[in-house]
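*Asks:* no sequence for this one, just the structure:
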């Protein structure tokens, strides 16, 4: 006995619902991205405070302190340069999430409409393959946002380690 569209329609409905919800997947990575940007701004502020340290009195203390601040400044700049290069990739990844969401939503809603019109007819193999493809867009969007959030968290962690180094050493 062949599977008919009516039996398969729940799977297509699930695909349609999830593909429409794909646009909220950006909520996976946005908090990490915002946190990374906040941590970098805070690190820059803290470095400026350490740069103006009024407790260094002698010329030698001031010189050693300026050298230590300069070293941290270079480390922070290198980390910023690395993250700014990733920001371009990050932006394109976020845009691709929208593309995957749109493609998956159009495909799954089209399949849902077709399944409603042909409820009692057997489902062809191509329709099953198209439904699987519509779920692949979900997986791709999730992985993209998970990767972006993970990378942003790694940069924020490295920046926080540098901030901790500043608190202890400067």
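*Replies:* All right, it came through fine. Just so you know, these numbers come straight off a predicted model, no measurement behind them.
*Asks:* check which helix or strand covers the residue nearest the centre of the chain.
*Replies:* The C-alpha lying nearest the average C-alpha coordinate of the chain belongs to residue 148 (Cα atoms, centre = their mean; 2.9 Å). Counting by DSSP states H and E, the element that carries residue 148 is helix 125-169.
*Asks:* Show the secondary-structure elements that that helix is packed against.
*Replies:* helix 5-21, helix 26-51, helix 59-117 (3 or more Cβ pairs under 8 Å, 6 or more residues apart in numbering; DSSP states H and E). From N, CA and C alone the C-beta is placed, and that goes for glycine too.
*Asks:* how much space between the most far-flung residue of the chain relative to its centre and residue 27?
*Replies:* Distance from the C-alpha centroid of the chain, by Cα atoms, centre = their mean, peaks at residue 58 (47.4 Å). Using Cβ to Cβ, to the nearest Å, residue 58 is found at 53 Å from residue 27.
*Asks:* same check, this time on residue 139
*Replies:* Taking Cβ to Cβ, one finds residue 139 at 17 Å from residue 27.
*Asks:* And for the helix-or-strand element of the chain with minimal mean pLDDT, what's in contact with it?
*Replies:* The least trusted helix or strand in the chain, going by mean pLDDT, DSSP states H and E, turns out to be helix 5-21, with a mean of 86. With contact meaning Cβ atoms under 8 Å, 6 or more residues apart in numbering, helix 5-21 is reached by 101, 104-105, 107-109, 111-112, 114-116, 118-123, 127-128, 131, 134-135, 137-138.
*Asks:* hmm, back to that, ranking the helices and strands packed on helix 125-169 by burial, who's on top?
*Replies:* Highest mean neighbour count of the helices and strands packed on helix 125-169: helix 5-21, a mean of 18 (counted as mean count of other Cβ atoms under 10 Å).
*Asks:* Spatially nearest residue to residue 145 (excluding sequence neighbours)?
*Replies:* residue 28 (4.1 Å; Cβ to Cβ, 6 or more residues apart in numbering).
*Asks:* Tell me who's in contact with the one you found.
*Replies:* 142, 145-146, 148-149.
*Asks:* now the residues you listed: which count as buried?
*Replies:* 142, 145, 148-149 (16 or more other Cβ atoms under 10 Å).
*Asks:* need the residues you listed in CSV with distance to residue 11, can you?
*Replies:* Putting these into CSV (distance: Cβ to Cβ, whole Å) gives the following:
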residue, distance to residue 11
142, 18
145, 24
148, 29
149, 29
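*Asks:* quick one: residue 50 and residue 166 touch, right?
*Replies:* Yes: counting by Cβ atoms under 8 Å, residue 166 is a contact partner of residue 50 at 5.7 Å.
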